[in-house]
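S.K.: need coordinates for the below:
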Amino acid sequence: MAKKIWLVSRLEQLNNGKLVDFIVETLKENEKLIIELNKRQLLLGKRADGTSLGDYSPRSLELKQKRGKPSISGNKISLHDTGEFWNKFFVEVNKDIMTILSKDEKTSMLIFHYYEQIFGLSDESILKLQEKIIPTLRTKIMTFLTA
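M.R.: Numbers count the residues shown, from 1 in each chain. From the prediction side, this is the model:
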């Protein structure tokens with residue numbers, strides 16, 4: 001009987017916030033993957049909602065070539081002209097929300113011009129993230145329940 005009461009107590013702890021703690025912790029541990037997934041979307045010229053950022057004009061592509069900074073995404077806008085914007089990506093995670101942003105000074109201007117959906121994960125990227133973190137979460141939960 002004592003074992004059953006102990007397990008109920010552990011399950012109640014999971015329900016009362018411990019599970020959220022595990023999720024937040026695991027997302028923080030996977031910040032690099034989250035950022036990489038966001039960058040892959042931008043490389044394809046896509047926002048998190050799947051809409052296109054558009055194409056560079058022929059003139060823009062020509063200027064990039066002259067500056068020695070050819071587009072890494074062909075003619076798709078990727079927001080990677082100098083790399084500074086991408087290099088300053090970071091993730092904030094708390095119990096209610098996960099936010100991807102950049103500390104680059106151009107961030108506000110890029111959000112204004114291309115909308116805040118330049119940050120975030122598409123459905124496809126979320127599935128890739130889930131494939132990575134679910135086994136970790138499962139291990140953390142089982143360890144917690146059997147400790």
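S.K.: who are the packing partners of the longest helix seen in the chain?
M.R.: Assignment by DSSP state H gives helix 123-146 as the longest helix of the chain. If contacts are counted by 3 or more C-beta pairs under 8 Å, 6 or more residues apart in numbering; DSSP states H and E, helix 123-146 sits against helix 2-13, helix 19-29, helix 31-43. Where you see a C-beta, it was placed from the backbone N, CA and C, and this is true even at glycine.
S.K.: out of those helices, which gets the lowest mean score?
M.R.: Set side by side, those give their lowest mean pLDDT on helix 2-13, at a mean of 78.
S.K.: element containing residue 90?
M.R.: Element membership for residue 90, per DSSP states H and E: strand 89-93.
S.K.: list the contacts for the residue sitting nearest the centre point of the chain?
M.R.: Nearest residue to the geometric centre of the chain (C-alpha atoms, centre = their mean): residue 34, 3.3 Å. Contacts for residue 34 were tallied using C-beta atoms under 8 Å, 6 or more residues apart in numbering; they are 27, 91, 98, 100, 121, 129.
S.K.: pretty sure the first one is touching residue 95, no?
M.R.: The reference is to residue 27. No - at 10.6 Å, residue 27 does not count as touching residue 95 under the criterion of C-beta atoms under 8 Å.
S.K.: compare these two (neighbour count), which wins?
M.R.: The residue with more neighbours, out of residue 27 and residue 95, is residue 27; 19 against 9, by other C-beta atoms under 10 Å.
S.K.: with adjacent residues omitted, what lies nearest to that one?
M.R.: Of all residues not flanking residue 27 in the chain, residue 93 sits nearest, at 4.5 Å (C-beta to C-beta, 6 or more residues apart in numbering).
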